[in-house]
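1. quick one, what's the 3D model for this:
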Amino acid sequence: MLSPDWCLIPRPRRAAPFCLTLAGALAASSCLQPLLAQSPGPFAPFAGGFRGSGAVVGTDGHRERISCRSSGSVGERGESLSETMVCASDSYRFDIRTHAVAEGGAVRGQWQESTRGVSGAFVGRVSGEQFSGNVSGGGFTAQFSLRTGAHRQTFLLRPQGGEVASVEVVLSR
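-> Numbers count the residues shown, from 1 in each chain. As a prediction, this is how the structure comes out:
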């Protein structure tokens, strides 16, 4: 790489325009670098670890407290998300692992719940700090919503059929 002093060495007149062009190009590229940097991607707000609690709500209205922890890691350009959420109570245990890929605002992915040995696919949308959609597989279908902020994450799952009406969890960093 040329040092800036190279342009200060007396040269024939033809070198001056080259030095000015080179200096201008270097200055422009350093000024534009932040503008050209890629955005963090749609899943960037979901990265990190969270802990908290919530409730499993039965179709009969019974609420059972549940404790959860989650960890999300985002791919290089923020367009993929791998997340693990483990929740437990006296009657329930969920160990869910997901991998999602965003293409624009549309999301598709796979999920696995290891305590029951079921897995499937999901589709949804991600916009700002909200990720929502539908999951299906292994005889299970549900709507889900994941909303995140600087220090808080809210997860809502509404299964179709069965004894559970919803799983509602609030997590903090």
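2. domain parsing of the protein, as residue ranges.
-> What automatic domain parsing lists as the domains of the chain is 4-36, 44-172.
3. highest average neighbour count across the ones you listed?
-> Among those, domain 44-172 has the highest mean neighbour count (mean count of other Cβ atoms under 10 Å), at a mean of 16. Every residue, glycine included, has its C-beta placed from N, CA and C.
4. end to end, how far does that one reach?
-> End-to-end distance of domain 44-172 (Cα to Cα, to the nearest Å): 16 Å.
5. can you give me the distance of T84 to R97?
-> 5 Å (Cβ to Cβ, to the nearest Å).
6. does the closest residue to V135 other than its chain neighbours have beta-bridge partners, and which?
-> Leaving aside its sequence neighbours, V135 sits nearest to F122 (Cβ to Cβ, 6 or more residues apart in numbering; 4.2 Å). For F122, the beta-bridge partners under DSSP bridges are G109, V135.
7. doesn't V101 make contact with F122?
-> No. Using Cβ atoms under 8 Å, F122 makes no contact with V101, being 11.0 Å away.
8. before we move on, the earlier item: mind listing what the residue nearest to V135 touches?
-> By Cβ atoms under 8 Å, 6 or more residues apart in numbering, F122 lies in contact with T98, A100, V107, R108, G109, Q110, W111, G133, N134, V135, S136, F144.
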